[in-house]
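In: build me a model from this:
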Amino acid sequence: METSLHRELKKLYAASPDAIEVAESNYRIDAIDRSGALVEIQHAGLGILRRKILSLLEDGHRIRIVKPWIERKTIETYDKKSGELLRKRKSPKSQRPIQFFGELIHFTQVFPHPRLSIEILSVECVERRIDTPRKGRRKQYKSLDVALAQTPDPKTATQLRTTKDLWKLMGRPKLPKTFDTMEIAQAIGEPRWLAQQIAYVLSRCGATEQHSKRGNAIVYHRAA
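Out: Numbering: from 1, shown residues only. Prediction:
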């Protein structure tokens, strides 16, 4: 089921109401912007879009993938019968742009491409739930909808177009000429598992090349 978040972002990016949910190259496109680029709003994983985006690029289209990245979320839980608001709280979970490398793992066959841009749009949203306490159920609620708490400015989105933008997404860390994932982790102040994801994406996207090995660790250097 489509969320309010998805509908609101389609309206935000579309050139007009007629430019929403448009058929193009045998696909249903979320929106077309004022420049004529195809816009896909993707809250789920990028891997689901891989085949569709490759096909559209082969047909010569310009594409913007907009990834809503939830910085803050308010959770409202309602009673199932009365509809009364039972509780309201801030979610302890938040997403940081550097974690987007985990999404790119399944998209390295597509990115980078000269007619493709990926935009990480930080948003604040409200999730509405129904309280459904039952024994043996892991989730004690049913999610009804997710909506924007306030309208974001597309100009503030983090833009990914080339491999140079991947280094910006990392915060332009200071790395030695050759480095492994441990040195990446230390440079960005993140756990090694995230550094391993980053190293994989950088390598597959052509931002780095394998230089040598240090024991079992692959040593990389920046691609020319």
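In: and for the residue nearest to residue 140 when sequence neighbours are not counted, the neighbour number?
Out: Leaving out its chain neighbours, the residue that sits closest to residue 140 by Cβ to Cβ, 6 or more residues apart in numbering is residue 133, at 5.0 Å. To be clear about C-beta, it is placed using only N, CA and C from the backbone, and glycine gets the same treatment. If you count neighbours by other Cβ atoms under 10 Å, residue 133 ends up with 8.
In: cool, and residue 206?
Out: Per other Cβ under 10 Å, the neighbour tally for residue 206 reads 13.
In: A strand includes the residue nearest to residue 140, no?
Out: No. With DSSP: H, G, I helix; E, B strand; the rest coil as the criterion, residue 133 is assigned coil and is not in a strand.
In: test my guess that it contacts residue 80.
Out: No. Using Cβ atoms under 8 Å, residue 133 makes no contact with residue 80, being 9.4 Å away.
In: give the buried residues for the one helix or strand residue 186 maps to.
Out: In the assignment (DSSP states H and E), residue 186 maps to helix 181-188. For helix 181-188, a neighbour-count test (16 or more other Cβ atoms under 10 Å) marks 181, 183, 184, 185, 187, 188 as buried.
In: same question, stretch 163-180
Out: Residues of stretch 163-180 classed as buried: 163, 165, 166, 167, 169, 170, 173, 175, 179, 180 (neighbour count, 16+ other Cβ under 10 Å).
In: now swap in stretch 55-69 and tell me
Out: Going by neighbour count (16+ other Cβ under 10 Å), the buried part of stretch 55-69 is 56, 57, 61, 62, 63, 64, 65, 66, 67, 68, 69.
In: walk me through the domains of the chain.
Out: Following automatic domain parsing, one gets these domains for the chain: 4-161, 164-224.
In: and the spatially most distant residue from the centre of the chain, helix, strand or coil?
Out: In terms of distance from the mean C-alpha position of the chain, residue 82 ranks first, at 36.0 Å (Cα atoms, centre = their mean). Here residue 82 is recorded as coil under three-state DSSP.
In: per-residue pLDDT, it?
Out: Looking at residue 82, its pLDDT is 88.
In: now do the phi/psi pair for it.
Out: Backbone torsions for residue 82, taken as degrees, to the nearest 10, come to phi -90, psi -20.
In: so how far is residue 89 from it?
Out: Distance of residue 82 to residue 89, computed by Cβ to Cβ, to the nearest Å: 20 Å.
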